[in-house]
Each structure stands twice: as C-alpha cells, then as structure tokens.
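Asker: Generate a structure from the sequence data that follows.
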Amino acid sequence: MHIIAADVGGTKTHFMFADTENPGNIIYEARYQSGEFDGFEPLLQTFLDESGAVHGQVDILTLALPGLVSETSATLTNLPWTIEKQFLKDSFGIKTVNFMNDFQASALGIGQLQEQDRILLNSGASGSYALKDNAIRVAVGAGTGLGVAWVRGGKFAAHAYDTEGGHIDFAPVDDTQIRLLQFLQQCYPHVSYERLLSGGGLVNLYDFCTGKRNSGIDAAWVNKQSQNDEAADRALSLFVQIYGAYIGNIALLFKPYGGIFITGGIAAKILNKMQSDEFLNAYLSKGRMSPLVEQVAVYLVTNESIGVLGAMSETLKMQRESK
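Answerer: Residues are numbered from 1 along each chain as shown. Below is the predicted model:
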C-alpha cells in the first residue's frame, strides 16, 4: 500500500511518499515553494510526476493544512486555496484522502523527534518530556502564521487536537507593548498574536520600531539586518519577548508537563535571541504562577520535517487500526 503525507505551508510544502510495508524507507521526498503554484492540485501533480507515482498507485493521501478543515474540504488561511477531498480522489485516483490541521500534525510529530532535533530552552521539572507518562505536549510555532495544537498519548497511540490559539487577542505587558497595540489598532480591526508572531508580524514590529508603515521589507531582511540596524534589532527583541510571554500563557492554559515544542519557520533562524534572557524572562514572568511555568520544559525544534512526520505517523496509525 502506497501513501503520501504532506505538510502544506503558507511558504513551503513538504511531501513524503512511502510504502506501508516499509514506512521507514521513504520512496521519494520533496519540498516546494507553495506560492509558485496556483493551487494544491498542480503542486500535487508536480510531486507525483517527479516521484514516478502513476495514476491510481497512491492508496492514501494525508494533508496537514494551515486553515479551517472540514470532513469534505479545507480553506487555507495564508494561501488563496480551497481543497476538496472528492476532487483529489477523482482527479488522481486516490482511494482515501485525509485532512488534518498543520499544527495537529506538528503535535503528532513530537513523538517522532530524536534528541538532536530539539534544543532545550527551559529545563522544566525534569529536563525531558515523558511520553510514557501520557503527559500533554504542545506544539506552537510562528511562521507564515501562528499555530497551536496539543497532543496526549504514547508514540503509537497519540491523539492530537488543533486550536486557533494564534488568533487570540494580543495582551501587552508593558508601556512599550501598549503603544505597539495602539499602533497596530490603526491597521487591523482585531490585533491577534499572529499579527506579531509571524513573518508579517516581525515586519509589523519593525514598522513600529521605525514609526513608519509599509516599509517594503520582509522578515528575512529584519533578521539579516539586526546586527547593523538598531530598529531591526529592537524588533527581534520585541518578537522574542512577546513570544516568551505568549508561550508562558500556553503553559498556564494547558499545564503541558510533557513539554512545549516551538516549531515554525522563524525560531530556529533567530536561535541566539530565542536562547537569550529576553525570551526566558518573558516566559517565566507570570507573577504568582511563575513556579508553574518554570516546571514546564520548553524546546526549540530544529527538524523542519516535524509536520510531515506527524502526518505520516497518523496515516500509518490509521492504516494499522483499519486492519
């Protein structure tokens, strides 16, 4: 039985093609720039052509998707795409198509990580996450957008649950962040954390630090210029402070003693900032609840394949359960 798992991102899409008889041996794997395609269907066709898969060869397709997912379709948040299950079945001869939230897949991918795939930012109570204890783990990550999902259960019996936690109201914690909120309220009717903790959010922070709008730069430019540009360095500092406070809120909400795992495309690119006191102090600054968040281990995930690994593991679990 042949399966394809894909982590569809607003920036990049990562595919894996495997045989369930030997799932550890990936037949073909590829990444693509999502924005180079008009929709998911031509992207999938490109992968099938390059992998050598023929029409009707794929039995199961599992997609981890950034957006609202229903039983029959998905509308993506940061791409102008709507994906229909039945259309994929009919067009590509695929017997079964599964949709899941992209951060649901990232949460499932936690159980597939190796020691070298993560960097410890806060040691927590034990310094390691304990799948055997069935503890809650949370995946949270800023990239094109901001996602949150949580998972419970062991490696082969994990169940993940998606949220829209990236869209909760931004809560400023000091005078600077209050001015930041007021600055963004002139641009957006609703200022969520995603307006700050994302690629576009980092640009918003840079604009705030310069006092200008529509600077025409991107998140990569802010990171690259942070060594020489004072406003870019301030924007990155604000980013990690807000990120730390936000992840501390996640710790309070879920009490995830299995750990919080920071994924997404930004954190690993600003590792020095994420390992700084700015991040950790903001994470721990919860007043009377500081001892609680201190007990929760926080990891930065360096393996960019966590989403597609989670989607693949869920596909294999469903395939085992159907036997």
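
Asker: what's Ile242 in contact with, if anything?
Answerer: Counting by Cβ atoms under 8 Å, 6 or more residues apart in numbering, Ile242 touches Phe170, Gln177, Tyr193, Leu196, Leu197, Ala282. (C-beta placed from N, C-alpha, C; glycine too.)

Asker: and what of Ala219?
Answerer: Taking Cβ under 8 Å, 6+ apart, one finds Gly199, Gly200, Leu202, Val203, Ile266 in contact with Ala219.

Asker: now do Ile266
Answerer: By Cβ under 8 Å, 6+ apart, the contact set of Ile266 is Gly141, Ala142, Gly143, Ser198, Gly199, Leu202, Ala219, Phe239.

Asker: The residues you listed into CSV, with extra columns for pLDDT and secondary structure?
Answerer: Output for the contacts of Ile266, formatted as CSV (pLDDT from 0 to 100; DSSP: H, G, I helix; E, B strand; the rest coil):
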residue, pLDDT, secondary structure
Gly141, 94, strand
Ala142, 95, strand
Gly143, 91, coil
Ser198, 96, coil
Gly199, 94, helix
Leu202, 97, helix
Ala219, 94, helix
Phe239, 98, helix
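
Asker: most surrounded residue in those residues?
Answerer: When neighbours are counted by other Cβ atoms under 10 Å, Phe239 leads these with 29 neighbours.

Asker: Pretty sure it sits against Leu205.
Answerer: Yes: look at Phe239 against Leu205 with Cβ atoms under 8 Å: they come within range, at 5.7 Å.

Asker: Flag every buried residue along stretch 87-105.
Answerer: Applying a neighbour-count criterion of 16 or more other Cβ atoms under 10 Å, one finds 88, 92, 94, 96-105 buried in stretch 87-105.

Asker: can you give me the end-to-end distance of it?
Answerer: Length of stretch 87-105, first residue to last, Cα to Cα, to the nearest Å: 23 Å.

Asker: repeat for stretch 213-224
Answerer: Span of stretch 213-224 from end to end, Cα to Cα: 20 Å.

Asker: I'd like the distance from it to the chain centre, please.
Answerer: 21 Å (Cα atoms, centre = their mean, to the nearest Å).

Asker: buried residues in it?
Answerer: Buried, per 16+ other Cβ under 10 Å, within stretch 213-224: Ile217, Ala219, Trp221, Val222, Asn223.

Asker: residue contacts, Ala245?
Answerer: Ala171, Val173, Ala282, Tyr283, Ser285 are the contacts of Ala245 under Cβ under 8 Å, 6+ apart.

Asker: JSON lines please, covering those residues and showing neighbour count and secondary structure.
Answerer: Conversion of those to JSON lines gives the following (neighbours: other Cβ atoms under 10 Å; DSSP: H, G, I helix; E, B strand; the rest coil):
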{"residue": "Ala171", "neighbour count": "13", "secondary structure": "coil"}
{"residue": "Val173", "neighbour count": "14", "secondary structure": "coil"}
{"residue": "Ala282", "neighbour count": "20", "secondary structure": "helix"}
{"residue": "Tyr283", "neighbour count": "27", "secondary structure": "helix"}
{"residue": "Ser285", "neighbour count": "15", "secondary structure": "coil"}
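
Asker: mind giving me the domain split of this protein?
Answerer: Structural domains annotated on the chain: 2-102+305-321, 114-302, as defined by automatic domain parsing.

Asker: Please enumerate the helices of the stretch 101-250 of the chain.
Answerer: 102-109, 175-185, 199-210, 219-225, 230-254 (DSSP state H, counting those that start in this stretch).

Asker: Run me through the strand neighbours of the lowest-mean-pLDDT helix or strand in the chain, direction for each.
Answerer: Here the helix or strand of the chain ranked lowest by mean pLDDT, DSSP states H and E is strand 67-69, holding a mean of 84. Strand 67-69 has the following strand partners under DSSP bridges: strand 73-76 (antiparallel).

Asker: List the buried residues in the strand it pairs with.
Answerer: Residues of strand 73-76 classed as buried by neighbour count (16+ other Cβ under 10 Å): Ala74, Leu76.

Asker: if we look at that strand, which residues are touching it?
Answerer: The contact list for strand 73-76, computed with Cβ under 8 Å, 6+ apart, reads 8, 10, 63, 65-68, 81-85, 99.

Asker: Show the buried residues in these.
Answerer: Val8, Gly10, Leu63, Leu65, Pro66, Gly67, Trp81, Ile83, Lys85, Phe99.

Asker: okay if I get those residues as JSON lines plus distance to Ala125 and secondary structure?
Answerer: Listed next are the buried ones among the contacts of strand 73-76 as JSON lines, based on distance: Cβ to Cβ, whole Å; DSSP: H, G, I helix; E, B strand; the rest coil:
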{"residue": "Val8", "distance to Ala125": "36", "secondary structure": "strand"}
{"residue": "Gly10", "distance to Ala125": "35", "secondary structure": "coil"}
{"residue": "Leu63", "distance to Ala125": "36", "secondary structure": "strand"}
{"residue": "Leu65", "distance to Ala125": "34", "secondary structure": "strand"}
{"residue": "Pro66", "distance to Ala125": "32", "secondary structure": "coil"}
{"residue": "Gly67", "distance to Ala125": "35", "secondary structure": "strand"}
{"residue": "Trp81", "distance to Ala125": "42", "secondary structure": "coil"}
{"residue": "Ile83", "distance to Ala125": "41", "secondary structure": "strand"}
{"residue": "Lys85", "distance to Ala125": "42", "secondary structure": "helix"}
{"residue": "Phe99", "distance to Ala125": "36", "secondary structure": "strand"}
